[in-house]
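Visitor: Predicted model and sequence follow; I will ask about them next.
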Amino acid sequence: MLAAARARLRRLEPSAAADALATDDLSVLVDIRPAAQRAAEGEIPDALVVERNVLEWRFDPTSDARLPIATSDDLQVIVICSEGYTSSLAADALRQLGLRRATDVVGGYQAWAAAGLPVRPGAAAR
């Protein structure tokens, strides 16, 4: 299932994801990790937090419960989890909703932090 999902995505290395966020007004980084994991591992400044269990209905452009940003099929939702597994499945689910540019970050938060990209301590470390 994971391999099939990834075959449908154009996954981004952390630096490419950061570049997309800096240059594409229709890109958003969405952190789907649960609160406890963000508290333990750390957070990404400016990432939109939408936990995995509500992702589809918050980004479905046809949903009455969608986020204000979720109005266009052209939105590039870049999903990030801890290590890049759950995010692949989540990004593929968003593609199935019609968000054709949905993708994820290879290696997840762990790779993002290891690449020296902006992070801040989670609540557990403060």
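Guide: Cool, got the structure.
Visitor: Which pLDDT value goes with the residue nearest the centre of the chain?
Guide: Nearest to the geometric centre of the chain sits V79, at 1.5 Å (Cα atoms, centre = their mean). V79 carries a pLDDT value of 98.
Visitor: what does R126 give?
Guide: On pLDDT, R126 comes in at 60.
Visitor: burial measure for P121, as a count.
Guide: When counting by other Cβ atoms under 10 Å, one arrives at 12 neighbours for P121. C-betas here are computed from N, CA, C, even on glycine.
Visitor: Ignore what I typed, I meant T103.
Guide: The tally of other residues near T103 (other Cβ under 10 Å) stands at 26.
Visitor: Tell me what it is bridged to.
Guide: Here T103 sits in beta bridges with I78, as judged by DSSP bridges.
Visitor: That one is in contact with R8, isn't it?
Guide: No. T103 lies out of contact with R8 (Cβ atoms under 8 Å); the separation is 9.7 Å.
Visitor: quick one: average pLDDT of stretch 34-53?
Guide: 97.
Visitor: for that stretch, how far is the first residue from the last?
Guide: 9 Å (Cα to Cα, to the nearest Å).
Visitor: Tell me the buried residues in that stretch?
Guide: 37-39, 41-44, 47-48, 50, 52 (16 or more other Cβ atoms under 10 Å).
Visitor: Can you redo those as a markdown table, where the extra columns are secondary structure?
Guide: Shown next, in a markdown table, are the buried residues of stretch 34-53 (DSSP: H, G, I helix; E, B strand; the rest coil):
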| residue | secondary structure |
| --- | --- |
| Q37 | helix |
| R38 | helix |
| A39 | helix |
| E41 | helix |
| G42 | coil |
| E43 | strand |
| I44 | coil |
| A47 | coil |
| L48 | strand |
| V50 | coil |
| R52 | helix |
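Visitor: can you put those in TSV and add distance to A17?
Guide: Shown next, in TSV, are the buried residues of stretch 34-53 (distance: Cβ to Cβ, whole Å):
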residue	distance to A17
Q37	19
R38	17
A39	22
E41	17
G42	16
E43	16
I44	10
A47	10
L48	13
V50	16
R52	18
